[in-house]
Structures are given as structure tokens and as C-alpha cells.
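K.L.:
show me how the following folds:
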Amino acid sequence: MFTRYLSIAAATLTLLGLASMSSLADEKGMQHMSIDHQAAMAHTQADHEALAKRFDEEAAKLDKQAGEHERLAKQYRSGVGAGPKSDGGSLATHCDNLVKNLKASADDAREMARMHRDIAKTLTK
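P.N.:
Okay, here's the model as predicted:
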């Protein structure tokens, strides 16, 4: 839910653009800028391409986390890592929920990347 809200907010800020500010795509440290700040300041093709790359990277991280929790759920179901007095099934269900949410968030991040690439295509260099 928060990821979708962030996606909508970032897209709105991006579409508003701030034409009076210089391009951020070539500045060092842009990746250290918060993504909402980066989106708010994006107004060039390079800025939006940089945002698309950042959302792609976020999607990859989320996919990796989903994979980790899939493996963890499998371990819990087999009794590994849950402890002798723990309910491995409950732990596995928790992981399954995380996997579902992480995959949805990764899909949302990929969609944001696509939208920023579309915006970049409409802008001139």
C-alpha cells in the first residue's frame, strides 16, 4: 500500500517537473538523494532515465528479498530454523505473505521505471 502511494506521489511530482532547476542526472551523489526529492527535481530526459534506472534497481532488490523469503518459507515448512517449540507453518505463512507483497512492490517499481522512460521519450535532450 505504501509503495503504491509512493509511486503515485513520485509520478505526480515528476509530471509537475521543475524546469527552472538544472539537470540532476549527471551530478555525483544523485543516488544518495531521496527518490521523492529526485523525482520532484526531474525535468530532463536524463533525469527521468536516471529515475527509471533507480526504480529498476529497486525492483531487483525487492525480487531478491522475495527469493530469500521463498527459500526461508521452504526451510520453515521442513522444520529447519523454526526451533523445536515453534510453529514452522506460521513462520512460513508469514514469509509467503512477505513474498506476495515484495513481488507486488517489485512489479510497481518496474511500472514506475516504465512510466519514467515514457516521460523521458517525450522530452528532448
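K.L.:
what about Asp107, how many neighbours?
P.N.:
By other CB atoms under 10 Å, 14 other residues sit near Asp107. All C-beta atoms are positioned from the backbone trio N, CA, C, and that covers glycine.
K.L.:
contacting residues for it?
P.N.:
Asp107 makes contacts with Ala59, as judged by CB atoms under 8 Å, 6 or more residues apart in numbering.
K.L.:
point me to the helix or strand that includes it.
P.N.:
Here Asp107 sits within helix 88-122, counting by DSSP states H and E.
K.L.:
and His69, by the same measure?
P.N.:
Here His69 sits within helix 45-78, counting by DSSP H and E.
K.L.:
could you measure from His116 over to Gly83?
P.N.:
Taking CB to CB, to the nearest Å as the criterion, His116 is separated from Gly83 by 45 Å.
K.L.:
ok, now Thr122?
P.N.:
Counting by CB to CB - Thr122 and Gly83 are separated by 55 Å.
K.L.:
likewise Leu123?
P.N.:
Distance from Leu123 to Gly83, counting by CB to CB: 55 Å.
K.L.:
repeat that for Gln75.
P.N.:
For Gln75 relative to Gly83 (CB to CB), the value is 12 Å.
K.L.:
and those two? which has more neighbours close in?
P.N.:
Neighbours were counted for Gln75 and for Gly83 using other CB under 10 Å; Gln75 has more, 16 against 9.
K.L.:
can you get me a residue count around the closest residue in space to the more buried one that isn't next to it in sequence?
P.N.:
Leaving aside its sequence neighbours, Gln75 sits nearest to Gly81 (CB to CB, 6 or more residues apart in numbering; 5.0 Å). Gly81 has 11 neighbouring residues, counting by other CB under 10 Å.
K.L.:
hang on, isn't Gly81 packed against Leu72?
P.N.:
Yes: taking contacts as CB atoms under 8 Å, Gly81 lies within contact range of Leu72: 7.4 Å.
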